[in-house]
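# everything below, folded, please.
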Amino acid sequence: MDMNFVAEKGLVLLGCGKMGGAMLQGWLSGGLPPSSVWVIDPKPSDWLKNTGVTINSDLPAAPGIVLIAVKPQMMGEALPALREMGNGTTLFVSVAAGTPISAFEDALGSHSPIIRAMPNTPAAVGRGITSIIGNAHASSGQMDLAETLLKAVGQVVRLDNEDQMDAVTGVSGSGPAYVFHMIECMAKAGEAEGLPPKLAMQLAQATVAGAGALAEAADETPAELRVNVTSPNGTTQAGLEVLMDEANGLPDLIRRTVGAAANRSRELRNG
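As a prediction, the model looks like this:
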């Protein structure tokens, strides 16, 4: 099962905001014909109107895949329109945060193949990471298909069970915001040491982006990379002694940060 299957059977994209738009851009760039894509979106962007895809029109009766990319609060009004496609061969893939597979089974039919995915915002620049988990009716071929589609915006990993989504939310789902705040804090600290604001921000952005790219590309672990740049009694060691302090440093702070996000995810899931 591959993209030719999608091109032949059709793909419905429910919601084309930032995440849906990033994925659609990736698919079209990868050669998916616009004629095989139907988009339902209440406020289609000018970019979307110029892609050649079918917008807000009658949908095929049994598309190969429906990708649900609407906000969770819009889910109630969006799903009933898809119910007739349920309990069949159409694969449903949701990238809506916080909505469990069981909710889709209730809305679409319990025999529907459903895959839940958790992407993150770097998907907008093709550098996302998406975690996926399927229900009992999602075949291995359909899991492969979902992975192929989601690779358009970055890496894809598979989870062992849906409960892991709460931890994924805490680490990669919410994680970009933690890194953005770290950039803010580094820039402000640079200003406090006498740098002009614009220069401090440029240094902080490039440093975090560069270190992240190096961590992903290098054979060494992040711990080894850290040791490699830490000269005994040097400047980096002086900074790390503050950052790595067990009581007041980053280890406990990040543990509490990820824990708080994961716990909030559990609370939302349990109502």
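
# from here on, contacts and neighbour counts on C-alpha atoms
Fine.

# CA atoms only for stretch 176-187 - export them in CSV, please.
Only the C-alpha atoms of stretch 176-187 are listed here, as CSV (Å, rounded to 0.1, in the frame of the first residue of the first chain):
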residue,chain,number,x,y,z
PRO,A,176,9.0,23.0,20.9
ALA,A,177,7.5,25.7,23.2
TYR,A,178,10.0,24.8,25.9
VAL,A,179,12.9,25.3,23.4
PHE,A,180,11.4,28.5,22.2
HIS,A,181,11.4,29.8,25.8
MET,A,182,15.0,28.7,26.2
ILE,A,183,15.9,30.8,23.2
GLU,A,184,14.1,33.7,24.8
CYS,A,185,15.9,33.2,28.1
MET,A,186,19.4,32.9,26.5
ALA,A,187,18.8,36.1,24.5
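
# quick one: average confidence on that stretch?
For stretch 176-187, the mean pLDDT works out to 98.

# do stretch 108-123 as well
When pLDDT is averaged over stretch 108-123, the result is 95.

# can you list phi and psi of E193 for me?
phi -90, psi 10 (degrees, to the nearest 10).

# now swap in A138 and tell me
Main-chain torsions, A138, degrees, to the nearest 10: phi -80, psi 120.

# run a quick neighbour tally on it.
18 (other C-alpha atoms under 10 Å).

# over to A206?
Neighbour count for A206, taken as other C-alpha under 10 Å: 12.

# what distance do you get for it to A213?
According to C-alpha to C-alpha, to the nearest Å, A206 and A213 sit 10 Å apart.

# equivalent analysis for G190, please.
22 Å.

# mind checking which of the two has more residues around it?
Between G190 and A213, G190 has the larger neighbour count (other C-alpha under 10 Å), namely 18 against 11.

# which strand of the chain spans the most residues?
The strand spanning the most residues in the chain, taking DSSP state E as the definition, is strand 128-134.

# mind listing what's buried in that one?
Using 16 or more other C-alpha atoms under 10 Å as the burial criterion, the residues of strand 128-134 that qualify are G128, I129, T130, S131, I132, I133, G134.

# which residues are in contact with that strand?
Under the contact criterion C-alpha atoms under 8 Å, 6 or more residues apart in numbering, strand 128-134 has outside partners 113-123, 143, 147, 150, 153-162, 165, 168, 172.

# ok so, going back, could the buried residues of strand 128-134 go into TSV alongside pLDDT and distance to N233?
Shown next, in TSV, are those (pLDDT from 0 to 100; distance: C-alpha to C-alpha, whole Å):
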residue	pLDDT	distance to N233
G128	94	37
I129	97	37
T130	97	40
S131	98	41
I132	98	44
I133	98	47
G134	98	51
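
# next, give me the two most distant ones among the residues you listed.
By the measure C-alpha to C-alpha, G128 and G134 form the most distant pair in the buried residues of strand 128-134, at 19.6 Å.

# how about the helices in the stretch 101-250 of the chain?
Using DSSP state H, counting those that start in this stretch, the helices of the stretch 101-250 of the chain run over residues 101-108, 140-150, 164-168, 175-192, 197-217, 222-228, 235-243, 250-270.

# can you redo these as JSON lines with distance to P80?
Below are these laid out as JSON lines (distance: least, C-alpha to C-alpha, whole Å):
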{"stretch": "helix 101-108", "distance to P80": "7"}
{"stretch": "helix 140-150", "distance to P80": "22"}
{"stretch": "helix 164-168", "distance to P80": "25"}
{"stretch": "helix 175-192", "distance to P80": "32"}
{"stretch": "helix 197-217", "distance to P80": "42"}
{"stretch": "helix 222-228", "distance to P80": "46"}
{"stretch": "helix 235-243", "distance to P80": "50"}
{"stretch": "helix 250-270", "distance to P80": "21"}
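
# who's sitting farthest from the centroid in the chain?
Distance from the C-alpha centroid of the chain peaks at N233, with 40.0 Å (C-alpha atoms, centre = their mean).

# give me the phi and psi angles of A136.
Here A136 shows phi and psi, under degrees, to the nearest 10, equal to phi -60, psi -20.

# you'd agree it is up against S110?
No: counting by C-alpha atoms under 8 Å, A136 stays clear of S110, with 9.8 Å between them.

# who's more crowded, the two?
Shown here are A136 and S110; by other C-alpha under 10 Å, S110 has more neighbours (18 against 12).
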